[in-house]
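> give me coordinates for this.
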Amino acid sequence: MYNHKTELVTGSSSGIGLDIARGFYKQGANLVLNGHNKEKLILLMRCNAEIHVWV
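Below is the predicted model of the structure:
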């Protein structure tokens, strides 16, 4: 559904933002993630090898 579309998700290091990011990821979206906790964003990247995080 979201192939070749890019979604910006703010607050994606926890809570609702994280759940929304995971939902978009499962539907094939490219993600731009933003959050206050750099370590959690990096952990998200490590758990999902296809997600790339620039900090």
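
> show me where this protein has its helices.
Assigned by DSSP state H, the helices in the chain fall at 15-26, 38-47.

> can I get the ones you listed in TSV with distance to T6?
The C-beta positions use only the backbone N, C-alpha and C, and glycine is treated the same way. Output for the helices of the chain, formatted as TSV (distance: least, CB to CB, whole Å):
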stretch	distance to T6
helix 15-26	9
helix 38-47	16
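
> most tightly surrounded among the ones you listed?
helix 15-26 (a mean of 16; mean count of other CB atoms under 10 Å).

> send the alpha carbons of that one over as PDB?
C-alpha atoms of helix 15-26 as PDB (Å, rounded to 0.1, in the frame of the first residue of the first chain):
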ATOM      1  CA  GLY A  15       4.400   5.300  22.500                       C
ATOM      2  CA  ILE A  16       1.900   6.000  19.800                       C
ATOM      3  CA  GLY A  17       4.600   7.400  17.500                       C
ATOM      4  CA  LEU A  18       6.500   4.100  17.700                       C
ATOM      5  CA  ASP A  19       3.300   2.100  16.900                       C
ATOM      6  CA  ILE A  20       2.500   4.300  14.000                       C
ATOM      7  CA  ALA A  21       6.000   3.900  12.600                       C
ATOM      8  CA  ARG A  22       5.800   0.100  12.900                       C
ATOM      9  CA  GLY A  23       2.400   0.100  11.100                       C
ATOM     10  CA  PHE A  24       3.800   2.200   8.200                       C
ATOM     11  CA  TYR A  25       6.900  -0.100   8.100                       C
ATOM     12  CA  LYS A  26       4.700  -3.200   7.900                       C
END
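
> re the thing from before, with mean pLDDT added, can I get the helices of the chain in a markdown table?
What follows is these, written out as a markdown table (pLDDT from 0 to 100):
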| stretch | mean pLDDT |
| --- | --- |
| helix 15-26 | 89 |
| helix 38-47 | 78 |
